[in-house]
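Undergrad: Sequence plus the predicted model coming up.
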Amino acid sequence: MSTIRHDWTLDEISAIYNSPVLELMYRAATVHREYHATGEVQVCTLLSIKTGGCPEDCAYCPQAARYNTDVQVHKLLDTKVVLDAAQKAKNAGATRFCMGAAWREVRDNRDFDKVLDMVRGVSGIGMEVCCTLGMLNDDQAAKLKDAGLYAYNHNLDTSEEFYDDIISTRTYNDRLKTINSISNANISVCSGGIIGMGETDADRIGMLFTLSNLAIHPESVPVNALVPVEGTPLADQPRVSVWEMVRMIATARILMPKAMVRLSAGREMMTTEDQALCFMAGANSIFSGDTLLTTPNPDFKKDMDMFKVLGLTPREAYKNEGGCSHDHKHGEELVNQLIG
Ligand code: SAM
Ligand code: DTB
Ligand code: SF4
């Protein structure tokens, strides 16, 4: 069994990332099979609980107030609306529900209390509940944990060197501090990044270096392909190729064998064949549902058709804790039911 390491060097990561792509995929697929059930893919759903109007300047993001984009801005949704959406996602086969807010940081106010209620509610219906609310401190992380939060998403986004080209309103170190607060509260860390923002291979390798040398590897690593959005500074970036996604995913899989590597934003533009290469390279999680936070994504039906073609099954909730105590159908049965 390949060992879990936290001392990867940049040279080692670069050698893996730059190896011939079929060799790289084979190695990643081998590690994948050592640590995960073959053919099992986690299905997560995203909901933007507060959209747009964000004070930050993340160059990729349609929700930054300073860019003129088409997003439908709305304040924090009502708890009932969120819980209905979670139940719907669960009925459709998702096991993880992730709530995103266009906030710079969590503040101790009534909105945060409302989010804590949402976390209690979603966790109560037996879904793994995840939030992405921007920066937070130890105390806020502890409150989320008490409410039943399973995971928190806070991406490094890119390398430390390239970070300032993308975001100026907070630092790389701020990001690492938030990740530390999440870990301290015993919440699963979900952290990854985006490719296709104009970064170099060295930046991609640098981001993987930071993630894979964290004292505890993230429980999940989202690999997003930039979704270029009209009005943002990155609107005209060329699309990343599937081989770039494959290299990122395979390298992440080899460096962090136990992590769920999530084929995240960008699937709308990928064929089933493209995605199959990513699953072969070690991706074992997706966001499903027709919208990510604000941009389009394949819907459940389309994904379940793909699962059928590729012989994939949805992973059950709380698998790392030995399964959940709530009612759930076996994966294969679920796919058949969904596609009728
Ligand atoms: N405001 C919070 C924050 O920044 O942490 C949470 C929401 S934010 C939209 C979550 C993540 O979505 C970002 O860190 C980024 O990695 C990803 N993201 C945002 N816009 C994207 C885009 N256009 N393409 C790909 N990923 C994107
Ligand atoms: C992550 O890494 N990707 C998701 C989730 N974490 C929050 C978000 C992708 C957003 C893509 C652009 C949008 O839909 O607004
Ligand atoms: Fe705001 Fe998050 Fe978008 Fe940055 S990525 S502009 S912090 S919503």
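TA: Okay, I see it. Numbering: from 1, shown residues only. Ligands and ions are numbered 1, 2, ... in the order given.
Undergrad: quick one: Ala29 and Ile179, what's the gap?
TA: Using C-beta to C-beta, to the nearest Å, one obtains 28 Å as the distance from Ala29 to Ile179. Where C-beta positions appear, they are placed from N, C-alpha and C, glycine not excepted.
Undergrad: Neighbour count for the two, which is higher?
TA: Ile179 (22 against 17; other C-beta atoms under 10 Å).
Undergrad: Phi, psi for that one please.
TA: For Ile179, the backbone dihedrals are phi -60, psi -40 (criterion: degrees, to the nearest 10).
Undergrad: packing partners for whatever helix or strand Val43 lives in?
TA: With elements taken from DSSP states H and E, the one containing Val43 is strand 40-50. Under the contact criterion of 3 or more C-beta pairs under 8 Å, 6 or more residues apart in numbering; DSSP states H and E, strand 40-50 touches helix 79-92, strand 96-101, helix 110-124, strand 260-263, strand 285-287, strand 313-314.
Undergrad: Please repeat the previous calculation with a cut-off of 7 Å.
TA: helix 79-92, strand 96-101, strand 285-287, strand 313-314 (3 or more C-beta pairs under 7 Å, 6 or more residues apart in numbering; DSSP states H and E).
Undergrad: Need the residues that contact the longest one.
TA: Spelled out, that is helix 79-92. Under the criterion C-beta atoms under 7 Å, 6 or more residues apart in numbering, residues 45, 47, 49, 97, 99, 114, 117-118, 121-122, 125, 127, 289, 300, 338 lie in contact with helix 79-92.
Undergrad: now the angle from that helix to helix 110-124?
TA: Calculated by axes from the mean of the first three to the mean of the last three C-alpha atoms, to 10 degrees, helix 79-92 forms an angle of 30 degrees with helix 110-124.
Undergrad: got the buried residues for helix 79-92?
TA: 79, 82-83, 85-86, 89-90, 92 (16 or more other C-beta atoms under 10 Å).
Undergrad: what does this structure put close to ligand 2?
TA: Residues of the chain lying close to ligand 2 (C-beta under 6 Å from any ligand atom) are 46, 62, 100, 132, 153, 155, 192, 222, 224, 227, 264-265, 292-295.
Undergrad: If you rank those by neighbours, which is first?
TA: Once you tally neighbours by other C-beta under 10 Å, Ser264 ends up highest among the residues of the chain next to ligand 2, having 28 neighbours.
Undergrad: hang on, that residue packs against Pro222?
TA: Yes - under the criterion of C-beta atoms under 7 Å, Ser264 makes contact with Pro222 at 4.0 Å.
Undergrad: Could you report the neighbour count for Val71?
TA: For Val71, the neighbour count with other C-beta under 10 Å is 21.
Undergrad: Looking at it now. What's its pLDDT?
TA: Val71 is assigned a predicted lDDT (pLDDT) of 96.
Undergrad: is it true that it touches Pro62?
TA: Yes - the criterion here is C-beta under 7 Å, and Val71 meets it with Pro62 at 5.0 Å.
Undergrad: Which neighbours do these two have in common?
TA: Jointly contacting Val71 and Pro62 under the rule C-beta under 7 Å, 6+ apart are Thr294.
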